[in-house]
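# Using only what follows, build the 3D model:
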Amino acid sequence: MRINMNTFGKVITLIVSLLVPIIVLYGYSHQVSVDVVKQTVEDGNRNRLSFFMSQMESMIEQLSRYSVVASKDYSITEYLNGRSHSSPIVQVQRQQRISEMLNMQIATSSWNNQLILYMTDSREIISTDYSVAYSESYLRGSEFRKWSHRALDNQTFFSRISESDKPNLLVEVRFADDNIENMLNLLKQGGDTDPFLYQRGQEPLTSRSANLPLVKGVIDQLERTPLEKAASRTITLNGEQYVVNYIRSESLGWYLVDYVPLEKIYSPITVSRNLFYVIAGLLLLLSILVTLLLYRHVQIPIRLLIRGVQRIKDGQYSARLKKQPNNEFDFLFNSFNEMAEQIQDLIEKVYKETLRSKEATLKQLQAQINPHFLYNCLFYIKSMANLGEKEAVAAMALNLGEYYRYATRTEKQMTKLREELKLVENYLIIQNLRMERFHYEIDIPEAMLDLTIPRLVLQPLVENAIVHGIENSPAFGLIAISGESRDGLHRIIVDDNGSGITEEGMCRLQKEMTMPMGEDTGCGLWNIHQRLSQMYEGRSGLSFSPSPMDGFRVVMAWEDRQNTHKER
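Take a look at the predicted model:
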């Protein structure tokens, strides 16, 4: 059976042919690099530095013990106690014995060092170095029991001053920088490293053959970040990479630093790197062939498919794709054409169904308003009948009949603003007859009276001003109805001087307008906001704010979209 490999299979085969050599060569070169770097740099240099540091710490610890041993010698006690009653000759002899004891101490060390005894009460000095003089400022500038790097008389050395258990006696141990430099020379011999001792703010101690500009560059890199106790990092100097290892001396507080150029470390992998370049060149040629194949069998069909999808997105539902013979995209193109045909058939059905759904929603919202208004009117008629107000009852009944004659004209869901204002004025007359304690004003520009708006959206706003504003206030009521058209919006503003509402309550009311209607939500304002939002969208709806008349303000706004809604 003949196997006809499709485009996907061809692409997979070519990708595997590219990836397998790359992965194998990369794994080999990477493993070699890791092994060489890890073994040569991390293990080798770290061990060398640790061994060197242990030797140096051992020598420094030995020198530190000298001060303790020297301060406990009996000859020093004898000399200190005899200063007040012994003869000068005897004291000189005792001082000579102390000097011999100090010389014996320093002779046991391979480092060049000095021991100095300071008697602070008499400002005397006994030392293995006869050139040392007593200096009060020198002693005050020292931190006891800690090694510090000092410079004196054109000489640099490390010094440690400690207090003896004998009163007024200080013991100082010194060793010259030459001791460190000699050890650094020994550490550098036979290797490609260049070790040095470093402390922030101090001149580094290097071997005699050190590359000082390169050492300074390494120090500049180290000073940019905090240093750990011991670590390794890679830096770049003059376009070349170096592996830097360092370890901190617990005694001195200085860092022993060593750096190695990576070029020398990479020498074992040079052959594998060159081999990789040769194979990479062959893979590049294969990649070009793959690119041409993908462009012809994949890229061009995908471009046609994207272009067809874009046309569908732009509303060109009649868009169709030409078939691609002997290609997997043939099935995809056929599916696209069938999908486009189905979308073209369904879009009209869905659009018409959406219009019917919105129309049904608007009718349902309007039906919720009519009973609400009817209940208020019937309760008013009952109240007036109980009070014997026949004229008020007759007026309410007459206006109620006119209202339902107006509201039950279901053949038209839209009306002129002047007709809504006429209904509002009838309602205000009825309420004024009932309460006789408010005055109203209507100021609508003539140009707005012929605007088309949904039915029964203005009367509930006036009713809200009377029921929740005027009736709850003992003062004489004022209601102002005004209109304006600007910024692409038509606005009807209803103000009253009633008791108003708190800022928190106003925010809660505004939030309820956009939420589903609940049991505690007033249906009048909510229905109006929902009708305007669904019919005009955009910035249309109700908004609330304090009135300049010290009451409550409701603003009904709708978008200025001509010919959007036609009378049906």
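# all strands of the stretch 101-250 of the chain, in order?
Using DSSP state E, counting those that start in this stretch, the strands found in the stretch 101-250 of the chain span residues 113-119, 124-127, 148-152, 155-163, 169-176, 196-198, 205-206, 230-237, 240-248.
# What residue spans form the domains of the protein?
Structural domains of the chain, as assigned by automatic domain parsing, span the residue ranges 1-307, 350-559.
# on that earlier part again, may I see the strands of the stretch 101-250 of the chain arranged in JSON lines, with mean neighbour count as well?
C-beta here means a position set from N, CA and C on the backbone, and glycine is covered the same way. Written out in JSON lines, the entries for the strands of the stretch 101-250 of the chain read as follows (neighbours: other Cβ atoms under 10 Å):
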{"stretch": "strand 113-119", "mean neighbour count": "22"}
{"stretch": "strand 124-127", "mean neighbour count": "18"}
{"stretch": "strand 148-152", "mean neighbour count": "14"}
{"stretch": "strand 155-163", "mean neighbour count": "18"}
{"stretch": "strand 169-176", "mean neighbour count": "21"}
{"stretch": "strand 196-198", "mean neighbour count": "23"}
{"stretch": "strand 205-206", "mean neighbour count": "22"}
{"stretch": "strand 230-237", "mean neighbour count": "14"}
{"stretch": "strand 240-248", "mean neighbour count": "19"}
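# possible to save those as CSV with mean pLDDT and distance to residue 67?
CSV is the format used below for the strands of the stretch 101-250 of the chain (pLDDT from 0 to 100; distance: least, Cβ to Cβ, whole Å):
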stretch, mean pLDDT, distance to residue 67
strand 113-119, 85, 7
strand 124-127, 84, 13
strand 148-152, 85, 14
strand 155-163, 86, 5
strand 169-176, 86, 4
strand 196-198, 89, 22
strand 205-206, 88, 23
strand 230-237, 85, 28
strand 240-248, 86, 23
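# Name all residues that make contact with the closest residue to residue 263 other than its chain neighbours.
Nearest non-adjacent residue to residue 263, counting by Cβ to Cβ, 6 or more residues apart in numbering: residue 240, 6.7 Å away. With Cβ atoms under 8 Å, 6 or more residues apart in numbering as the criterion, the residues that contact residue 240 are 261, 262, 263.
# Show the buried residues in those.
residue 261 (16 or more other Cβ atoms under 10 Å).
# which of the contacts of residue 240 lies closest to residue 554?
When the contacts of residue 240 are compared for distance to residue 554 (Cβ to Cβ), residue 262 wins out at 77.6 Å.
# Cross-check the contact I'm expecting between the closest one and residue 239.
No. With contact defined as Cβ atoms under 8 Å, residue 262 and residue 239 do not form a contacting pair (11.9 Å).
# re earlier: among the contacts of residue 240, which one lies nearest to residue 234?
Nearest to residue 234 among those is residue 262, at 7.3 Å by Cβ to Cβ.
# Look at the closest one and report its pLDDT.
Model confidence at residue 262, expressed as pLDDT, equals 74.
# same deal with residue 465?
According to the prediction, residue 465 has pLDDT 89.
# Nearest residue to residue 183 in space, please, no chain neighbours.
The shortest distance from residue 183 to any residue that is not its chain neighbour, by Cβ to Cβ, 6+ apart, is 6.4 Å, and that residue is residue 56.
# do residue 178 as well
Nearest residue to residue 178, sequence neighbours excluded (Cβ to Cβ, 6+ apart): residue 112, at 6.4 Å.
# ok, back up a step: what's the distance between the residue nearest to residue 263 and residue 32?
21 Å (Cβ to Cβ, to the nearest Å).
# Can you read off the pLDDT for residue 507?
90.
# May I see the buried residues of the helix or strand containing it?
Counting by DSSP states H and E, the secondary-structure element that holds residue 507 is helix 503-512. When burial is assessed from 16+ other Cβ under 10 Å, helix 503-512 yields the following buried residues: 506, 509, 512.
# now swap in stretch 472-492 and tell me
By neighbour count, with 16+ other Cβ under 10 Å as the criterion, the buried positions of stretch 472-492 are 473, 477, 478, 479, 480, 481, 483, 484, 489, 490, 491, 492.
# which residue packs closest to residue 21, ignoring adjacent ones?
Leaving aside its chain neighbours, residue 21 sits nearest to residue 279 (5.5 Å; criterion: Cβ to Cβ, 6+ apart).
# Contacts only, for residue 210.
Counted by Cβ under 8 Å, 6+ apart, residue 210 has contacts 184, 194, 196.
# if we go to 6 Å?
Contact analysis of residue 210 by Cβ atoms under 6 Å, 6 or more residues apart in numbering lists residue 194.
# Tell me the spacing between it and residue 218.
11 Å.
# ditto for residue 201
On the measure of Cβ to Cβ, residue 201 and residue 218 end up 16 Å apart.
# I'd guessed residue 111 sits against residue 175; true?
Yes. Between residue 111 and residue 175 there is a contact at 5.1 Å, judged by Cβ atoms under 6 Å.
# Pipe the contacts of residue 240 into TSV and attach distance to residue 313 and secondary structure per row.
What follows is those, written out as TSV (distance: Cβ to Cβ, whole Å; DSSP: H, G, I helix; E, B strand; the rest coil):
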residue	distance to residue 313	secondary structure
261	59	strand
262	54	helix
263	57	helix
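# quick one: which of the contacts of residue 240 is nearest residue 379?
For residue 379, the closest of the contacts of residue 240 turns out to be residue 262, at 94.8 Å, with distances computed as Cβ to Cβ.
# Run through the residues that contact the closest one.
For residue 262, the contact set (Cβ under 6 Å, 6+ apart) comprises residue 241.
# looking at the protein, which helix or strand is least sure?
Lowest mean confidence among the helices and strands of the chain (mean pLDDT, DSSP states H and E): helix 329-387, at a mean of 66.
# Following the chain past that helix, name the next helix or strand.
Using DSSP H and E, the helix or strand that follows helix 329-387 in sequence is helix 390-407.
# Now do the helices for the stretch 151-300 of the chain: every range, in order, please.
With DSSP state H, counting those that start in this stretch applied, the stretch 151-300 of the chain shows helices at 177-188, 212-222, 262-265, 270-294, 300-313, listed in chain order.
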